[in-house]
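[1] pasted the sequence and its predicted model underneath.
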Amino acid sequence: MTLSNSLVPIAVGAVAVVLLLGLINMMRGGSANTSQKLMQLRVQLQFLAIVIVVFVLWWRSGP
C-alpha cells in the first residue's frame, strides 16, 4: 500500500474521531470551551483532509 493510499483514510478518520469527541462532549453537557476547541480542530483537520485528497487525486492523474 502506498503512502497516498494510506493518507486519505487517516485524514478522514482523524476528522471523524474529533467529530465524535465533540458530539460526546456536547451530549454529556461538557465544557463549552472544550466544544469550541474541538470544533476548531475539526475544521483544521477537514482543511488538511481536503488538501490531502486533492493532492492524491493530482498525483494519480499524472503521466
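    Thanks, I have it. In this text, all values refer to a predicted model and were calculated from it rather than measured experimentally.
[2] please identify the buried residues of stretch 51-62?
    By neighbour count with 16 or more other C-beta atoms under 10 Å, stretch 51-62 contains the buried residues 52, 56. C-beta coordinates here come from the backbone N, C-alpha and C atoms, glycine included.
[3] let me fix that, I meant to ask about stretch 9-19.
    Buried residues in stretch 9-19, counted by 16+ other C-beta under 10 Å: 11, 14-15, 18-19.
[4] same for the biggest helix by length in the chain, what does it pack against?
    In terms of residue count, the longest helix belonging to the chain (DSSP state H) is helix 32-60. Judged by 3 or more C-beta pairs under 8 Å, 6 or more residues apart in numbering; DSSP states H and E, the packing partners of helix 32-60 are helix 3-27.
[5] can you check what angle separates the helix it packs on from helix 32-60?
    For helix 3-27 against helix 32-60, the angle by axes from the mean of the first three to the mean of the last three C-alpha atoms, to 10 degrees is 160 degrees.
[6] next one: helix 3-27 to chain centre, how far?
    Remark: helix 3-27 is offset 5 Å from the chain centroid, using C-alpha atoms, centre = their mean, to the nearest Å.
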